[in-house]
Each structure stands twice: as structure tokens, then as C-alpha cells.
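Asks: Show me how the following folds:
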Amino acid sequence: MSRETLPLTPRLHDYLLSVGLRDHPVLKRLAAESDALADANMRIGPEQAAFMALLVELMGAKHCLEIGVFTGYSSLAVALALPADGRIVACDTSEEWTAIARRYWAEAGVEDKIDLRLAPALETLDALLAEGAANSFDFSFIDADKSEYAAYYERVLNLLRPGGLMVVDNVLCGGRVADSADTSADTLSRRDFNAALHQDERISLSMIPVADGLTLAVKRS
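Replies: Numbers count the residues shown, from 1 in each chain. Presented below is the predicted three-dimensional model:
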């Protein structure tokens, strides 16, 4: 048996999706509509959504934060995992994409759990900090403008309670972070971000090769 992660071939990926998660029917319909859009690659995969929902359930999380909503697939997955009194503050700037999200949130009966804030995410995060929300969130998912990851990270870390969990998407940058010949701005920013988190003693850290890479960071006491 290998200790290395298996290459995820299309056949193996299909098998994983067939037995490795239970996809909510509303999530399936939202995925289909999202995948018809020109920016369909912005939607996370069902295995990512199921993994985050499981983390939220395991933590007993109630106060969640999402940076980057797109059509609301990830926020719907998390909202479905929350208890009745759980809430998500969801940050995005697109009226068009989040209008799709609102329809499916309503269909799934979770719209009251999601506080959508349409403004640049840094403005929303700074406003939350100014309102005294530091150390109050249990869980956060970051999947927005990659050039702002470092700025999102610092604010979200302040907003998380000790023991709170931050999940960051796209940390492998299509595999380019491991290619020293790639010096594009996008790759360099992701590489620098990953290196900074690796050295940050304020968190416990695990990077896992799910989809385009997820970093899990737990805020230490």
C-alpha cells in the first residue's frame, strides 16, 4: 500500500463521488446551473463541499464566514450542515451571481441562515472587526480574489475564536506552486501565501490535495 495520495483519475473520481458523499438534491441542481455559466470553474467540487460540511458538523459550528460566494454552492453546503440557530456571513460583490444563490438558498430553506453582504470583502471584514466581532467565528472559508489572500487571512484570523477553523481554497494553483520556473504573479502570490502560513505559529496547519488544494488552519489559543 502506498503512503502517497493516489492520482485521481476520472474513473476513480467518479467512483469517489458515487459512494463518498451524499449530495443534497438542491446542491445538485445548483451545481448544474452554475456549470452552465462561463465562470463555472469558480464553483467548488462536491467532495470539497461535503468535506467542509462534515467539518462544520464535527465542530458544532454556529458562526461561519465565507469570503467569495459565486452562486452560493459552498455556502449552501455549509448552511445545510448548521444547526437551526447557525449563521453564515457571506461576502461577495456580484448581484448577478448571488441572485442565483438566493434562489437556491430559499429552495433549500436556509436563506435565514445566510447574511449576504455585497461589498468588497475587506470592507466587510473590517466592519465586522470594528463592530467587535473579533474571536467570535467558528469557521471560515476563503475562496475569492487570490491576490488578497494575505489580507483576508489576517482579518479572518482575528475574527476566528481560538480553536476556530479557516479553510482556504486553491492553494496549489493548478500545481504551479511546485514549479520553480513559474514566476507569474498569481503563482508567486500563492507560493508566498503558503510559505507565510507554514511559518505562522498562531495556527495549526494542514494542506491537503483535495481539488486545487485546501489549507486547513486552526487558530491556536
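Asks: The lengthiest strand in the chain pairs with which strands, and in what direction?
Replies: The single longest strand within the chain, with elements called by DSSP state E, is strand 160-169. Applying DSSP bridges, strand 160-169 is found paired with strand 137-142 (parallel), strand 214-219 (antiparallel).
Asks: what's downstream of it, the next helix or strand?
Replies: Where DSSP states H and E defines the elements, the next helix or strand beyond strand 160-169 is helix 185-199.
Asks: by contact count, what packs against that next one?
Replies: helix 149-159, strand 203-208, strand 214-219 (3 or more Cβ pairs under 8 Å, 6 or more residues apart in numbering; DSSP states H and E). Yep, even glycine has a C-beta here, placed from its N, CA and C like the rest.
Asks: Would you mark the buried spots in the second one?
Replies: The reference is to strand 203-208. Within strand 203-208, the residues scored as buried using 16 or more other Cβ atoms under 10 Å are 203, 207.
Asks: and stretch 27-40, how far apart are its ends?
Replies: Taking Cα to Cα, to the nearest Å, stretch 27-40 runs 14 Å from one end to the other.
Asks: what does that stretch rub up against?
Replies: 43, 46, 49, 70-73, 76-77, 80, 97, 100-101, 104, 107-108 (Cβ atoms under 8 Å, 6 or more residues apart in numbering).
Asks: For it, the averaged confidence score.
Replies: Mean per-residue pLDDT for stretch 27-40: 95.
Asks: ranking the contacts of stretch 27-40 by neighbours, who comes first?
Replies: Among those, the one with the most neighbours (other Cβ atoms under 10 Å) is residue 72, at 30 neighbours.
Asks: what about it, distance to residue 144?
Replies: 14 Å (Cβ to Cβ, to the nearest Å).
Asks: quick one, phi/psi of residue 92?
Replies: Taking degrees, to the nearest 10, you get phi -160, psi 170 for the backbone angles of residue 92.
Asks: That one touches residue 115, doesn't it?
Replies: No. In terms of Cβ atoms under 8 Å, residue 92 does not count as a neighbour of residue 115; the distance is 11.8 Å.
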